[in-house]
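In: Predicted structure and sequence below. I'll ask about it afterward.
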Amino acid sequence: MDILIKNVNIFNRGKSFVSDIHIRGQRIHKVGTELQVRHAHQEIDGTGKWLIPGIIDDQVHFREPGLTHKADIASESRAAIAGGTTSFMEMPNTKPPALTQELLQHKYDIASKNAYCNYSFFMGVSNENYDEVMKTDLENVCGIKIFMGSSTGNMLVDNPDVLERIFANTPSLIATHCEDETTIRQNTEHFMADYGDRLDAKFHPLIRNEDACFLSSSYAAGLAKKYNTRLHILHLTTRDELVLFDNTIPLSEQRITSEVCVHHLHFCADDYETLGNLIKCNPAIKDKMHREALWDALLDDRLDIIATDHAPHTYAEKSEPYIHAPSGLPLVQHSLYIMLNAVHSGKISMEKVVEKMCHAPAECFQLLERGYLDEGKYADLVLIDPDEEWTIGPENIYYKCGWSPLTGVKCKGRVLRTFVNGSEVYNAEGKFVQGGGMRLTFSAVR
Ligand code: DOR
């Protein structure tokens with residue numbers, strides 16, 4: 001298949017320029033002006049449109065196997081391509097959790113049939129599965145995930161000896177969820193004693209507070225420094241944690257990297273007042289001061305990657321009283337839209353959005369042949385109308401759970417077409433094509 005997109009505004013490697021782009025088979029064949037392609041199967045006029053590399057979301061929860069009443073690999077990867085995400089890395093807290101190589105492989109097998117885009121799955125860690133973790137295939141698995149704070153699923157790793165051993169010996173990238181369990185427990189007991197049944201989502205950032213985040217993140221960073229481990233700390237939420245990251249060396253050389261999620265950039269603690277459990281998530285959304293600090297760190301490169309921590313639960317589950325309602329927000333369809341709004345309001349440039357959502361995940365994970373609009377790379381691309389205005393609502397939400405914490409948000413900019421490995425898998429007329437995704441591959445040296 002030959003596809004030619006003409007006169008489109010391409011964002012790549014910190015630059016934007018009007019060009020044509022020729023896709024041949026699964027790859028980008030040529031980028032240049034006035035390209036002529038005889039017998040192109042599809043020619044698209046890109047005048048006035050933007051073209052970016054497909055988004056690589058390094059933190060999603062797609063709930064399969066075992067929790068498929070909330071979501072599954074097909075439903076959520078379908079939502080992903082509608083929002084311009086062409087590759088995802090999925091977390092191990094499924095049911096059963098991915099704690100053996102066999103259980104991990106099962107998820108890859110499902111994705112090879114059902115996914116709408118490219119995929120990788122993290123190996124899970126427990127206090128007991130060291131030997132299984134050490135068998136992880138570096139070139140075909142994005143990394144290992146350690147819950148150093150408890151969240152959905154019972155995957156807390158709190159044995160210091162196990163943590164030392166894994167940080168000391170694993171050659172994989174370690175991705176961590178960092179919140180200190182003792183602090184969370186003490187805060188919960190304290191607020192429960194004072195408020196009992198009146199405890200609601202407004203207390204979430206007070207229970208899962210700044211201290212819980214810093215204690216755990218600094219512990220993880222300390223272990224990584226001690227053993228020179230390749231550590232990636234997920235969903236940072238506080239100003240104080242930002243001192244753990246260095247912006248003076250190139251990303252590809254860093255041993256400790258960082259991720260921020262779109263909900264922590266978009267919402268602030270005041271929003272618990274109106275949205276309650278719908279935005280209950282771990283780590284909690286903190287107050288405005290922290291949100292501004294996250295934005296500053298994103299812009300000056302102490303924060304490396306923007307992701308979603310897409311974590312769907314049913315509306316009924318979210319409607320439980322605060323203490324029982326599960327944590328997590330469905331977001332994978334809407335991360336680009338949050339960032340496009342930020343581009344239009346002047347908070348960040350589109351070049352920077354592309355760096356943080358497309359290039360940086362490829363660099364951090366040493367993902368081969370993706371993340372850039374370069375000749376020879378796989379053709380994962382997103383064509384955007386930068387000016388279309390629309391509103392997020394039930395009629396355009398594709399998550400299996402059917403709701404979004406962003407319902408009612410007005411967006412400027414819309415995904416018109418998404419390409420995965422050179423094939424159009426989504427367009428705004430409602431086309432969805434399943435099965436074109438590939439297993440992501442990585443450099444063995446990370
Ligand atoms: O809020 C969250 N929900 N944070 C996590 O780390 C896990 C996620 C989930 O799986 O529901």
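Out: Sure, I can see it. Numbers count the residues shown, from 1 in each chain.
In: Strands of the stretch 251-400 of the chain, start to end?
Out: Secondary structure of the stretch 251-400 of the chain (DSSP state E, counting those that start in this stretch): strands at 256-261, 305-307, 381-391.
In: ranking the ones you listed by burial, who's on top?
Out: strand 305-307 (a mean of 27; mean count of other C-beta atoms under 10 Å). C-betas here are computed from N, CA, C, even on glycine.
In: Quick check: phi and psi at residue 4.
Out: phi -120, psi 120 (degrees, to the nearest 10).
In: before we move on, back to that, of all the strands of the stretch 251-400 of the chain, which lies closest to residue 267?
Out: strand 256-261 (10.2 Å; C-beta to C-beta).
In: rewinding a little: turn the strands of the stretch 251-400 of the chain into CSV, including distance to the ligand and mean pLDDT.
Out: Output for the strands of the stretch 251-400 of the chain, formatted as CSV (distance: least, C-beta to the nearest ligand atom, whole Å; pLDDT from 0 to 100):
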stretch, distance to the ligand, mean pLDDT
strand 256-261, 9, 98
strand 305-307, 11, 99
strand 381-391, 25, 98
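In: out of those, which comes closest to residue 119?
Out: strand 305-307 (14.7 Å).
In: Could you tell me which strands that closest one is paired with, and in which direction each runs?
Out: strand 256-261 (parallel) (DSSP bridges).
In: what sits up against the strand it pairs with?
Out: With contact meaning C-beta atoms under 8 Å, 6 or more residues apart in numbering, strand 256-261 is reached by 58-59, 221, 224-225, 231-236, 244-246, 251, 294, 297-298, 302-309, 331, 364.
In: same thing but at 7 Å, please
Out: Here strand 256-261 makes contact (C-beta atoms under 7 Å, 6 or more residues apart in numbering) with 58-59, 221, 224, 231-236, 244-245, 251, 294, 298, 302-309, 364.
In: With stretch 61-72 instead?
Out: Against stretch 61-72 from outside (C-beta under 7 Å, 6+ apart): 73, 76, 90-91, 93-96, 106, 110, 310-314, 328, 399-401.
In: picking up where we left off before, which of the strands of the stretch 251-400 of the chain sits closest to residue 84?
Out: strand 381-391 (4.0 Å).
In: Which of the contacts of stretch 61-72 fall in helices?
Out: Using DSSP state H, 73, 76, 106, 110 are the members of the contacts of stretch 61-72 that sit in helices.
In: And for the second one, the neighbour number?
Out: Pointing back at residue 76 there. Look at residue 76: counted by other C-beta atoms under 10 Å, it has 29 neighbours.
In: per-residue pLDDT, it?
Out: Looking at residue 76, its pLDDT stands at 99.
In: right, and the helix or strand after the lengthiest helix in the chain?
Out: Longest helix in the chain by number of residues (criterion: DSSP H): helix 210-227. Moving toward the C-terminus from helix 210-227, the next helix or strand (DSSP states H and E) is strand 231-233.
In: Please tell me how far that following strand is from the chain's geometric centre.
Out: 14 Å (C-alpha atoms, centre = their mean, to the nearest Å).
In: Contacts only, for the residue of the stretch 301-446 of the chain at minimum distance from the ligand.
Out: Closest contact between the stretch 301-446 of the chain and the ligand, by C-beta to the nearest ligand atom, is at residue 328 (3.0 Å). When contacts are counted by C-beta under 7 Å, 6+ apart, residue 328 touches 61, 152, 281, 311, 312, 313.
In: 8 Å - rerun?
Out: Contact partners of residue 328, counting by C-beta under 8 Å, 6+ apart, are 61, 151, 152, 280, 281, 282, 309, 311, 312, 313.
In: and the residue lying closest to the fifth one once chain neighbours are set aside, how many residues sit next to it?
Out: Of all residues not flanking residue 281 in the chain, residue 327 sits nearest, at 4.9 Å (C-beta to C-beta, 6 or more residues apart in numbering). The local packing of residue 327 (other C-beta under 10 Å) involves 19 other residues.
In: Please look at residue 327 and residue 283 and confirm they touch.
Out: No: assessed by C-beta atoms under 8 Å, residue 327 is found out of contact with residue 283, at 9.2 Å.
In: Spell out the secondary structure type for the closest residue in space to residue 393 that isn't next to it in sequence.
Out: Leaving aside its chain neighbours, residue 393 sits nearest to residue 407 (5.9 Å; criterion: C-beta to C-beta, 6+ apart). Following DSSP: H, G, I helix; E, B strand; the rest coil, the label given to residue 407 is coil.
In: Can you give me the separation between residue 407 and residue 278?
Out: Note on residue 407: its distance to residue 278, by C-beta to C-beta, to the nearest Å, is 9 Å.
In: Which of these two has more residues huddled nearby?
Out: More crowded of residue 407 and residue 278, by other C-beta under 10 Å: residue 278, with 22 against 13.
In: for the ligand, what are the nearby residues on the stretch 201-350 of the chain?
Out: Proximity of the stretch 201-350 of the chain to the ligand, by C-beta under 6 Å from any ligand atom, involves residues 281, 282, 309, 311, 326, 327, 328.
In: The residues you listed: which two are farthest apart?
Out: Across these (C-beta to C-beta), the longest gap, 13.1 Å, separates 309 and 326.
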